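> Fold the following and give me the result.
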Amino acid sequence: MIVSSLSALSRMAIVSALLALGLAAPAKAQSPRVKLLVGFQDATLPATVAASKVLNGAPYDVEWVVLPGPAAQLSALYSKAIDVGHMGDTSLIIEQGKAKADWTHDTAPLQIIAGWRANDTQYPPIVTVVRTDAHVNSLADLRGKKWAFNFGGFNYLQYVLSQLKAGLKPDDFKPIQLVDQNATAAALNAGRVDVYSGSTLSVAESIEKGAARVLLTSDELDIPALGVFTARGDVLRDPAKHAALADFLARLNRHWAWYANNLDAVEQIFVNKIGQTPARAKLTALYLKANFQPLDARLAAREQHIANILFDADVIQKKIDVGVEFDSSFNTAILVQ
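Numbers count the residues shown, from 1 in each chain. Next up is the predicted model:
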């Protein structure tokens, strides 16, 4: 009995020693921490989200990836370099329209999960702008002009619908496709082109100086003009990433409230972090102040109308169902107060 008792004590001592050294049976493996790779076309939103501190304490990690232009965002999504990409609400119309296989809710490789829109009425989200020295007084005067655009997103749609409204085809003017909005805006601001379609913000200084003027707005063309986050289908089907995305979007919604209440701080962020002049930062802060919008049947109907127009104009080669491009399961997250 004494020997047996000593043996038991010895075994307990050995186990205790092994536990102390970390050599005992391993503990149950923990699930790896989720990381969301979020693409954005510039550094503005990552900077203001960081300042708002809404991601503090999140049970997952967010890594921002800055990639200018919707084409770069789409490429990164397809290559799985990012999980979520930033683009315009009509980008997937073009993608679906050129896809060989038909998209359904279950097979769509990409879906829009959230959309927001700038809410300062003095700054139309998307515009077609002409230089004053190009002497464009009507849509008909666009004929023969140098027109800068970038492919993808609602900048491209603004370009296409503007020419359709003018009754023109690309052969009737001089289309100049550049890599992204920064390049197209720079071309207009420098006087290298006569016409530009894209964000008001990028050409606002030329407009304020009288060197350019707005010819058509996105509202006049019934373009919703939402900035959107688009996710890959495999990301949405991953329960852990789906849950992280819902929480991420809810926190971003709180960020928009913080943004609206801290415009002075936002201006300083754009000066100190983005390198803008104080005048440009003030304009940017107002222009980018936004709110999430519901992904609902009304939005889908507007987008479907646009898709039908693009099909009739032979911009896309097949009729599509735009409804499959939206995942409305995050509506609760983006609209919660």
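> Could you list the domains of the chain?
As assigned by automatic domain parsing, the chain contains the domains 35-119+225-335, 126-217.
> can you put those domains in JSON lines and add mean pLDDT and mean neighbour count?
Where C-beta positions appear, they are placed from N, C-alpha and C, glycine not excepted. Listed next are those as JSON lines, based on pLDDT from 0 to 100; neighbours: other CB atoms under 10 Å:
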{"stretch": "domain 35-119+225-335", "mean pLDDT": "94", "mean neighbour count": "18"}
{"stretch": "domain 126-217", "mean pLDDT": "93", "mean neighbour count": "19"}
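> ranges for the helices of this structure?
2-21, 44-52, 70-78, 91-98, 153-165, 181-189, 204-209, 233-236, 239-261, 263-272, 278-288, 297-312, 331-335 (DSSP state H).
> contacting residues around the fourth one?
When you say that, I think you mean helix 91-98. With contact meaning CB atoms under 8 Å, 6 or more residues apart in numbering, helix 91-98 is reached by 70, 74, 103, 108, 110-112, 152-154, 156-157, 228, 230, 303, 306-307, 310-311, 315-318, 320, 322, 324-325.
> could you redo the last one with a cut-off of 6 Å?
Applying CB atoms under 6 Å, 6 or more residues apart in numbering, the contact partners of helix 91-98 are Pro70, Trp103, Leu110, Gly152, Gly153, Ala307, Ile316, Ile320, Glu325.
> what separates the residue nearest the centre of the chain from Tyr156, distance-wise?
For the chain, His86 is the residue whose C-alpha lies nearest the centre (CA atoms, centre = their mean; 2.0 Å). Distance of His86 to Tyr156, computed by CB to CB, to the nearest Å: 15 Å.
> re the thing from before, the residue nearest to the centre of the chain against Gln41, yeah?
Yes: counting by CB atoms under 6 Å, Gln41 is a contact partner of His86 at 5.2 Å.
> The residue nearest to Lys169 when sequence neighbours are not counted and Pro224, how far apart?
Using CB to CB, 6 or more residues apart in numbering and skipping the chain neighbours, the partner closest in space to Lys169 is Gln163 (7.1 Å). According to CB to CB, Gln163 stands 19 Å off from Pro224.
> got it, and Trp116?
From Trp116 to Pro224 the distance is 11 Å (CB to CB).
> what do you get for Phe292?
As judged by CB to CB, Phe292 and Pro224 stand 13 Å apart.
> and what of Leu236?
Taken as CB to CB, the span from Leu236 to Pro224 is 22 Å.
> Repeat that for Ala243.
28 Å.
> Isn't Tyr60 up against Pro32?
No: counting by CB under 6 Å, Tyr60 does not reach Pro32; the two are 10.4 Å apart.
> and the gap between Ala118 and Pro68?
In this view, Ala118 and Pro68 are 19 Å apart by CB to CB.
> wait, I meant Ser79
Counting by CB to CB, the gap from Ser79 to Pro68 is 16 Å.
> cool, Glu208 as well?
From Glu208 to Pro68 the distance is 24 Å (CB to CB).
> Can you tell me what sits against the lengthiest strand in the chain?
Counting residues, the longest strand in the chain under DSSP state E turns out to be strand 110-118. With contact meaning CB under 6 Å, 6+ apart, strand 110-118 is reached by 89, 92, 125, 226-231, 249, 287, 290, 292-293, 325-327, 330, 334.
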